[in-house]
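>>> sequence plus the predicted model coming up.
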Protein chains: 2
Amino acid sequence: MTAFLPPAKGAEQEEGEAFRPKFDSAGLITAVACEAQSGEVLMLAHMNAEALQKTLETGKAHYYSRSRQSIWLKGETSGNVQMVESVATDCDQDAIVLKVRQQGAAAACHTGRVSCFYRTVKQDGKGGYALTFDSREKRFDSGEVYGKE
Amino acid sequence: MTAFLPPAKGAEQEEGEAFRPKFDSAGLITAVACEAQSGEVLMLAHMNAEALQKTLETGKAHYYSRSRQSIWLKGETSGNVQMVESVATDCDQDAIVLKVRQQGAAAACHTGRVSCFYRTVKQDGKGGYALTFDSREKRFDSGEVYGKE
């Protein structure tokens, strides 16, 4: 059982004051975490109803790992807990934006970077595309934190 | 055929300079559009390879509508075209962040609002959750622009 009301349609969903998160067929909703002060997008992940409820109850971001098929407290291993300042939802309530204050090394990405979005797509001049690094700075050593593979 | 290289694994995907967008089993990648100047999250949508390519080629955001099963130029009907200033991808290249300058009424949401994320989730004091409106301002009349249903 979920603690949330089921989604409605049309104006009730879009103009209402009832929170009716719309989970997809896999039971997930997309969540974007942004740095509360700067607004910078840090990461995109998914939540199931339990992760969303834990996030709202504890004020710490919880996500659902599709690969591990389990919920996780962000920062449980790395210490980079995300303290949630606000949770917003969109018009049809199938996405979530978290404003967070990062703890620990203040790095959202498992590679050690502040944000997962550290590369920009550019034309490569040969009709294709390449990535340029906006930041190579790593705030922690992912091998040390998560163990070498 | 897609213009993009297939995804790789591990460090090649996460630390490389090759753009290898990872589309899901439905052929889609999640895209978050942010206002270029403020960084405000405007909307979350999906792109197939064609929509992503058209976005990169034209500098105007194109998305894929799962309900209509077709790609759309954002703002084609409303005039609220999103001029793309940059396209970033995340560590495993399965998400995209666009920085855009909004044209027309500068409203990303089909309800007429600047952003789709106009409501914040709050505890309702009865063990559940409710939404409060951050903004009720509508920059265009969606009934006039899209036609009454």
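Looks like it arrived, so ask away.
>>> roughly how far apart are A:A95 and chain B?
To chain B, A:A95 is 4 Å away according to CB to the nearest CB, to the nearest Å. For the C-beta atoms, the positions are set from N, CA and C on the backbone; glycine is no exception.
>>> average pLDDT for the lengthiest helix in chain A?
Looking across chain A with DSSP state H, the single longest helix is helix A:49-58. Averaging pLDDT along helix A:49-58 gives 97.
>>> pull the CA atoms of that helix into CSV?
Extracted in CSV, the C-alpha atoms of helix A:49-58 (Å, rounded to 0.1, in the frame of the first residue of the first chain):
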residue,chain,number,x,y,z
ALA,A,49,6.3,5.3,-3.5
GLU,A,50,8.4,4.1,-0.5
ALA,A,51,11.4,6.2,-1.5
LEU,A,52,9.2,9.2,-2.0
GLN,A,53,7.5,8.8,1.3
LYS,A,54,10.8,8.3,3.2
THR,A,55,12.2,11.4,1.5
LEU,A,56,9.2,13.4,2.7
GLU,A,57,9.2,12.0,6.2
THR,A,58,12.9,12.1,6.9
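>>> so how far is chain B from the residue of chain A positioned farthest from its centre?
For chain A, the largest distance from the centre (CA atoms, centre = their mean) belongs to A:K126, which lies 34.2 Å off. Computed as CB to the nearest CB, the A:K126 to chain B distance reads 12 Å.
>>> so A:F140 touches A:G112, yeah?
Yes. Counting by CB atoms under 8 Å, A:F140 does reach A:G112; the two are 4.7 Å apart.
>>> helix/strand/coil for A:G143?
helix (DSSP: H, G, I helix; E, B strand; the rest coil).
>>> hey, where'd the helices end up in chain A?
Using DSSP H, helices in chain A cover A:10-15, A:49-58, A:142-146.
>>> low-confidence ranges in chain A?
A:1-2, A:148-149 (pLDDT under 70).
>>> need the strands for it, in chain order.
Along chain A, counting by DSSP state E, strands occupy A:29-35, A:41-47, A:62-65, A:70-73, A:82-89, A:95-102, A:119-123, A:129-133.
>>> can I get the ones you listed in TSV including mean neighbour count?
Listed next are the strands of chain A as TSV, based on neighbours: other CB atoms under 10 Å in any protein chain shown:
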stretch	mean neighbour count
strand A:29-35	23
strand A:41-47	24
strand A:62-65	20
strand A:70-73	15
strand A:82-89	20
strand A:95-102	22
strand A:119-123	18
strand A:129-133	16
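>>> let's have the helices of chain A in CSV, adding distance to chain B and mean neighbour count.
Listed next are those as CSV, based on distance: least, CB to the nearest CB, whole Å; neighbours: other CB atoms under 10 Å in any protein chain shown:
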stretch, distance to chain B, mean neighbour count
helix A:10-15, 6, 14
helix A:49-58, 7, 19
helix A:142-146, 10, 13
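>>> export those helices to CSV and append columns for distance to A:R101.
Formatted as CSV, the helices of chain A follow (distance: least, CB to CB, whole Å):
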stretch, distance to A:R101
helix A:10-15, 30
helix A:49-58, 14
helix A:142-146, 20
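>>> and those: which comes nearest A:F4?
Closest of the helices of chain A to A:F4 is helix A:49-58, at 6.1 Å (criterion: CB to CB).
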